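Participant: Here you go, sequence then predicted model.
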Number of protein chains: 2
Amino acid sequence: MNLLPLLFLLPALLGLVPPMQVSAAPARQIHLLRPVMGSAGAAVKVKGVSCSSWQFGVETNSLRGWNTVPAGCESYFGHYMMGRRYREDSRAVAAAAAEYARGLQISSGGGKQIWVFDVDETSLSNLPYYSRHGFGVEPFNATLFDTWVATGTAPPLPESLKLYKELLSLGIKVVFLTGRAEEQRQITASNLKKAGYYSWEKLILRGNGALAHENALQFKSSERLKLTEQGYRIVGNIGDQWSDILGSPEGERTFKLPDPLYYIS
Amino acid sequence: MNLLPLLFLLPALLGLVPPMQVSAAPARQIHLLRPVMGSAGAAVKVKGVSCSSWQFGVETNSLRGWNTVPAGCESYFGHYMMGRRYREDSRAVAAAAAEYARGLQISSGGGKQIWVFDVDETSLSNLPYYSRHGFGVEPFNATLFDTWVATGTAPPLPESLKLYKELLSLGIKVVFLTGRAEEQRQITASNLKKAGYYSWEKLILRGNGALAHENALQFKSSERLKLTEQGYRIVGNIGDQWSDILGSPEGERTFKLPDPLYYIS
């Protein structure tokens, strides 16, 4: 019985799990030898639920309003995020989005068809930050995170960048819609360009005019409503949080990227 | 390299993976030794996407309108459904639902608080059927499936039955809302009782009066709207399909059970 967790680690020990490709800032190496948790995530249970099943509940929007990843799941999500599974799950979603986009009739739209991209953990990856801060197990620290954002060095999520390029080639315009503050416009624009997102129709941040009581879902829904009122047709919407893709108008199709590290309502 | 798929099968070979408890109809034994696919689902790729990442796309509503599980993923989903992971994922969702329900103020509701349960793959499990029909790889056969339904022997999904009992004990009433046809009312009621669901506020099936052009999402949304118009407050809604839990009024919280076997829009 005690061999089980180690068996799941064998592919990592044998070097069969390719590391996350982080182009801009190399992430700290995670500890592959922690024996408490295998990549199947069944060894550690939190209130009787394995880390992988907690992940299922989170990714399906069944578990809401959580503050931190359960203690004990740091190693599981470290393996998930830094190994190939995060990238493969992202690829499945981005590939489905691209396939859907290729089936759209774009030429008749008069250049008003847009695709909404969230920024953090969608267009840009903060994995270099979260790999140093416990993969969501540590409580969120706005000061430290803003310091990281200010470096402007977040790498792209490669699957999203590929989707972005394909959408542009199809004649679909891209709107970035983020909960980042208006004060972060310049560094966000600079980071997006550095990461390979060279142009966009709009970059919408959360300005001082945003209603203070609005949560992310309400803020983003109201911004999407403004876009449709301006004559845009939101053919697609991709984000890592359910608050990116729920709330009318959602967009004609929505795509949910993986993010087990934090929750934004 | 060739050892990798077999390594993932070792827990099954060692007898460490408990089988699905199917009380009513014993399911055909699946083949544990197919070497093409380990339980991590990374060995077989469909259009470059592993079975487990296809599952992620399906469960997050990013992949829609698919007819069958990709050929090549039968063994992966056989292991998922018959092994412990399906049950653990279901438990994570049902436990979150129960925790949420315990936090509600029910006494002040005048007996009008209800929880909507879907039937197939939510209250009842058709795993004895799907285990004989390729775990979603075979195209859906309505005649064969209706013959199975007519036996009235579908077992409960144990996690949902536990949630049902807890909700009743909290004073929350249960409404079953299913796309099954009105003609199947008697066998559905009988099967629910046989499975342990002894009482309910309403059992709503898709009657002959339902609009022919309505898909499941529209049918179920309009039935939930009727419930709220009758004075009910839908405090929770649980289903295995996104068409069970999207569409206003969704219910105050929604819970998505796993179902990688079929898609209903």
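Facilitator: Looks like it arrived, so ask away.
Participant: Write out the residues of the stretch 151-265 of chain A neighbouring chain B.
Facilitator: Contact residues (C-beta under 8 Å from any C-beta of the partner chain) of the stretch 151-265 of chain A with chain B: A:R253, A:T254, A:F255, A:K256, A:P258. In this view, the C-beta of every residue, glycine as well, is placed from N, C-alpha and C.
Participant: After the helix or strand of chain A with the lowest mean pLDDT, which helix or strand is next?
Facilitator: When the helices and strands of chain A are scored by mean pLDDT, DSSP states H and E, helix A:4-13 comes last with a mean of 43. Counting by DSSP states H and E, the element after helix A:4-13 in chain order, helix or strand, is strand A:45-46.
Participant: Which strands or helices does that next one pack on?
Facilitator: Applying 3 or more C-beta pairs under 8 Å, 6 or more residues apart in numbering or on different chains; DSSP states H and E, one finds that strand A:45-46 contacts no other helix or strand.
Participant: pLDDT wise, what is A:G110 at?
Facilitator: For A:G110, the pLDDT comes out at 73.
Participant: Hmm, I typed the wrong one, I wanted A:D244.
Facilitator: Value for A:D244, per-residue pLDDT: 98.
Participant: Was I right to think it contacts A:N237?
Facilitator: Yes: applying C-beta atoms under 8 Å as the test, A:D244 and A:N237 come out as touching, 7.1 Å apart.
Participant: neighbour-wise, which of those two wins?
Facilitator: Legend: neighbour count by other C-beta atoms under 10 Å in any protein chain shown for A:D244 and A:N237, higher for A:D244 (31 against 26).
Participant: returning to that earlier point: neighbour count and secondary structure added to the residues of the stretch 151-265 of chain A next to chain B, as a markdown table?
Facilitator: Formatted as a markdown table, these follow (neighbours: other C-beta atoms under 10 Å in any protein chain shown; DSSP: H, G, I helix; E, B strand; the rest coil):
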| residue | neighbour count | secondary structure |
| --- | --- | --- |
| A:R253 | 20 | coil |
| A:T254 | 21 | strand |
| A:F255 | 28 | strand |
| A:K256 | 26 | strand |
| A:P258 | 25 | coil |
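Participant: quick check, nearest of the residues you listed to B:T60?
Facilitator: Among those, A:K256 lies closest to B:T60 (C-beta to C-beta), at 3.8 Å.
Participant: Beta-bridge partners for that closest one, please?
Facilitator: When assigned by DSSP bridges, A:K256 has beta-bridge partners A:G239.
Participant: what residues are up against it?
Facilitator: A:E59, A:V93, A:I238, A:G239, A:D240, A:W242, A:I245, B:T60, B:N61, B:S62 (C-beta atoms under 8 Å, 6 or more residues apart in numbering or on different chains).
Participant: Domain ranges for chain A, per the record?
Facilitator: A:4-82, A:93-256 (automatic domain parsing).
Participant: rank those by pLDDT, which is bottom?
Facilitator: Lowest mean pLDDT within these: domain A:4-82, at a mean of 68.
Participant: which stretch among the domains of chain A comes nearest B:Q105?
Facilitator: It is, among those and with distance given as C-beta to C-beta, domain A:4-82, at 17.3 Å.
Participant: Which stretches in the stretch 51-200 of chain A count as helices?
Facilitator: With DSSP state H, counting those that start in this stretch as the criterion, the stretch 51-200 of chain A has helices at A:51-59, A:74-82, A:84-102, A:127-130, A:142-151, A:158-169, A:185-195.
Participant: among those helices, which is nearest B:G134?
Facilitator: When the helices of the stretch 51-200 of chain A are compared by C-beta to C-beta, helix A:84-102 sits nearest B:G134, at 21.3 Å.
Participant: Alpha carbons of stretch A:120-136, as PDB, please.
Facilitator: Only the C-alpha atoms of stretch A:120-136 are listed here, as PDB (Å, rounded to 0.1, in the frame of the first residue of the first chain):
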ATOM      1  CA  ASP A 120      -4.600  36.800 -15.800                       C
ATOM      2  CA  GLU A 121      -4.400  33.000 -16.200                       C
ATOM      3  CA  THR A 122      -6.000  33.400 -19.600                       C
ATOM      4  CA  SER A 123      -3.800  35.600 -21.900                       C
ATOM      5  CA  LEU A 124      -0.900  36.000 -19.400                       C
ATOM      6  CA  SER A 125       0.300  33.400 -16.900                       C
ATOM      7  CA  ASN A 126       1.200  34.300 -13.400                       C
ATOM      8  CA  LEU A 127       2.700  30.900 -12.800                       C
ATOM      9  CA  PRO A 128       6.100  32.300 -12.100                       C
ATOM     10  CA  TYR A 129       4.500  34.100  -9.200                       C
ATOM     11  CA  TYR A 130       2.300  31.300  -7.900                       C
ATOM     12  CA  SER A 131       5.100  28.800  -8.100                       C
ATOM     13  CA  ARG A 132       6.900  30.900  -5.500                       C
ATOM     14  CA  HIS A 133       3.700  31.300  -3.400                       C
ATOM     15  CA  GLY A 134       2.400  27.800  -2.700                       C
ATOM     16  CA  PHE A 135       0.200  27.300  -5.800                       C
ATOM     17  CA  GLY A 136      -2.800  28.900  -4.100                       C
END
